[in-house]
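Asks: fold the following, please.
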Amino acid sequence: MKNYLIMFLFFCLICFLEGCPSPGSPEEPIEEVEKVIVLTAEGIDSRAIRLSWTCNFENADHFWLESSTVSPTQGFVKVTSPVGNATSYDHASGITPEVTRWYRIKATFNSKPDSPWSNTVEIKTPAPHPHGCFKVLNQWEKGNWENVPDGACFLTYEAAKQAQVYGIFFDDKVDYRPTLMAVFFVSHPIRGECTIVVGLGPHDSPVRSKKFFPYNPYQFFDHGAGMDDIHPFPVGLIAMDISEFAPDINDYNLFLEVNDYGPDSTPEGYAYTGAIIDFQVEKYDPITHAIATHYAVNLPINTINGQKVYVDINTAGNIGPVVSRTRPYPRPANASDYLNYHHMTDFERAELEQAFGVAEKGKNYNQIINGFGTGLRPPTMQEWEEMQKSVLIPDALKGAVNRSNELPSSVDLSKSKYFPPVGNQGSKGSCVSYSMIYSIKLSRKHSNTIGTCPA
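Replies: Next up is the predicted model:
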């Protein structure tokens with residue numbers, strides 16, 4: 001009896017200190033912390049908004065992002081449903097400049113109720129930058145196609161982005177001088193039927209080789225179709241830089257290969273052939289500025305339809321060492337000094353093929369507008385393959401430092417005294433020749449030599 005009394009008193013003491021539970025009553029549930037999402041918005045540009053959010057919870061299945069252009073409380077529609085571990089989203093579809101939008105977001109769970117909506121954020125996209133634009137020269141001469149007779153038109157950055165205009169960076173080799181030049185004179189009434197290769201060593205397995213035409217243009221020409229695109233080689237010498245041959249030029253003979261893809265006869269009854277008139281190699285000494293020339297013999301030699309013909313120069317043991325050029329002064333900066341590049345990926349090639357297409361055999365791409373030529377032809381499949389191996393696509397500025405303070409606010413190359421006057425390509429599809437050779441290379445040449453470009 002005494003022991004029972006002690007146990008009863010001990011039980012009463014515990015109930016007094018901690019409280020005595022009622023018989024059969026369930027335990028109190030643990031209160032769950034309210035889920036909170038904090039949403040922020042910032043403008044990327046006039047047509048894109050970046051939404052970012054933080055949460056005080058984890059394990060969401062998805063998020064549900066909505067926007068409204070009506071008010072902060074009405075007109076919300078779904079934008080997207082990001083995965084549960086996402087923390088940001090760039091909204092660029094359907095965004096227009098100078099429009100106010102409101103955003104909100106919530107989390108969804110597989111086995112739990114949705115979270116409450118986040119705070120509602122308001123953001124207005126800015127107006128397009130009024131001054132950002134490209135000045136585009138059009139080689140259709142001045143005054144007969146434009147409002148302001150300067151041979152140019154302007155394309156704003158916004159228009160270029162909306163139209164997805166693709167551009168090519170010309171990374172000039174500033175202060176570059178070749179040490180070896182292959183010089184040849186090839187005659188043929190249809191240059192598109194020929195490919196030209198300069199090689200070193202055996203014809204069938206050269207140690208080094210370089211194509212003058214890096215593709216076979218004959219594959220998309222039909223005689224009688226697209227004849228405006230078929231032209232002869234120019235009358236005169238053509239020079240090609242082969243300075244990369246220098247380490248081996250004294251060990252092997254140099255050769256010129258011309259492959260005439262033309263058939264024995266055309267539907268019109270013609271048989272087009274040509275000839276190799278001249279072939280020589282020039283070696284430059286960058287220190288003494290001396291030029292040593294070595295010539296091929298037994299010329300001219302005729303081309304043969306459907307076959308390759310060769311001409312050799314006896315350079316093995318005769319041309320001597322090629323001196324590399326040293327720089328007595330610091331080299332000016334090239335574009336590659338500021339930009340990171342990568343080789344074209346399979347996805348990027350497919351995207352570009354979709355945008356530009358593949359050249360169709362026999363099609364004339366030189367559309368004539370008011371008597372002026374255009375000539376934008378998409379690459380052939382072989383050209384796409386070659387481009388994927390050689391084309392470099394810029395990624396971003398090198399390093400984390402913002403280089404904008406090193407650059408002028410605007411540049412207009414056409415205002416330079418070195419820049420040649422606007423020309424007139426007439427009905428020819430020669431825009432690439434005008435832009436790359438006439439405009440850019442000629443301006444570079446005059447800025448490095450005579451000091452001004454004659455009109």
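
Asks: got the residue ranges for the strands in the stretch 201-350 of the chain?
Replies: Assigned by DSSP state E, counting those that start in this stretch, the strands in the stretch 201-350 of the chain fall at 208-211, 238-241, 254-260, 275-284, 291-295, 301-302, 307-313, 339-343.

Asks: can you lay out the ones you listed as JSON lines showing mean pLDDT, distance to Ser68 and mean neighbour count?
Replies: The way it works is simple: take the backbone N, C-alpha and C, and place the C-beta from them, glycine included. Putting those into JSON lines (pLDDT from 0 to 100; distance: least, CB to CB, whole Å; neighbours: other CB atoms under 10 Å) gives the following:
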{"stretch": "strand 208-211", "mean pLDDT": "91", "distance to Ser68": "59", "mean neighbour count": "16"}
{"stretch": "strand 238-241", "mean pLDDT": "92", "distance to Ser68": "61", "mean neighbour count": "14"}
{"stretch": "strand 254-260", "mean pLDDT": "94", "distance to Ser68": "65", "mean neighbour count": "23"}
{"stretch": "strand 275-284", "mean pLDDT": "94", "distance to Ser68": "69", "mean neighbour count": "20"}
{"stretch": "strand 291-295", "mean pLDDT": "91", "distance to Ser68": "73", "mean neighbour count": "12"}
{"stretch": "strand 301-302", "mean pLDDT": "96", "distance to Ser68": "76", "mean neighbour count": "14"}
{"stretch": "strand 307-313", "mean pLDDT": "95", "distance to Ser68": "69", "mean neighbour count": "16"}
{"stretch": "strand 339-343", "mean pLDDT": "79", "distance to Ser68": "40", "mean neighbour count": "13"}
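
Asks: could I get those as JSON lines with distance to Ile123?
Replies: Converted to JSON lines, the strands of the stretch 201-350 of the chain look like this (distance: least, CB to CB, whole Å):
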{"stretch": "strand 208-211", "distance to Ile123": "53"}
{"stretch": "strand 238-241", "distance to Ile123": "53"}
{"stretch": "strand 254-260", "distance to Ile123": "61"}
{"stretch": "strand 275-284", "distance to Ile123": "61"}
{"stretch": "strand 291-295", "distance to Ile123": "65"}
{"stretch": "strand 301-302", "distance to Ile123": "72"}
{"stretch": "strand 307-313", "distance to Ile123": "65"}
{"stretch": "strand 339-343", "distance to Ile123": "31"}
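
Asks: now do the SS call for the spatially most central residue of the chain.
Replies: The geometric centre of the chain, computed from its C-alpha atoms, lies nearest to Ile393 (CA atoms, centre = their mean), at 4.2 Å. When states are read from DSSP: H, G, I helix; E, B strand; the rest coil, the local structure at Ile393 comes out as strand.

Asks: between the strands of the stretch 201-350 of the chain, which one is closest to Glu122.
Replies: Relative to Glu122, the nearest member of the strands of the stretch 201-350 of the chain by CB to CB is strand 339-343, separated by 36.6 Å.

Asks: partners of that closest one, with directions?
Replies: For strand 339-343, the paired strands and their directions (DSSP bridges) are strand 392-397 (antiparallel).

Asks: can you list contacts of the helix or strand following the partner strand?
Replies: Going down the chain from strand 392-397, the next helix or strand is helix 431-432, by DSSP states H and E. Applying CB atoms under 8 Å, 6 or more residues apart in numbering, the set of residues contacting helix 431-432 from outside is 139, 373-376, 425.

Asks: what's Pro113 sitting at in phi/psi?
Replies: Reported as degrees, to the nearest 10, the phi and psi values for Pro113 are phi -60, psi 160.

Asks: what's around it, how many residues?
Replies: Other residues within reach of Pro113, judged by other CB atoms under 10 Å, total 8.

Asks: for Tyr272, see how far away it is.
Replies: Taken as CB to CB, to the nearest Å, the spacing of Pro113 relative to Tyr272 amounts to 79 Å.

Asks: could you count how many residues lie near the closest residue to Asp45 other than its chain neighbours?
Replies: Counting by CB to CB, 6 or more residues apart in numbering, Asp45 lies nearest to Pro126, which is 7.6 Å off, once chain neighbours are set aside. Neighbour count for Pro126, taken as other CB under 10 Å: 12.
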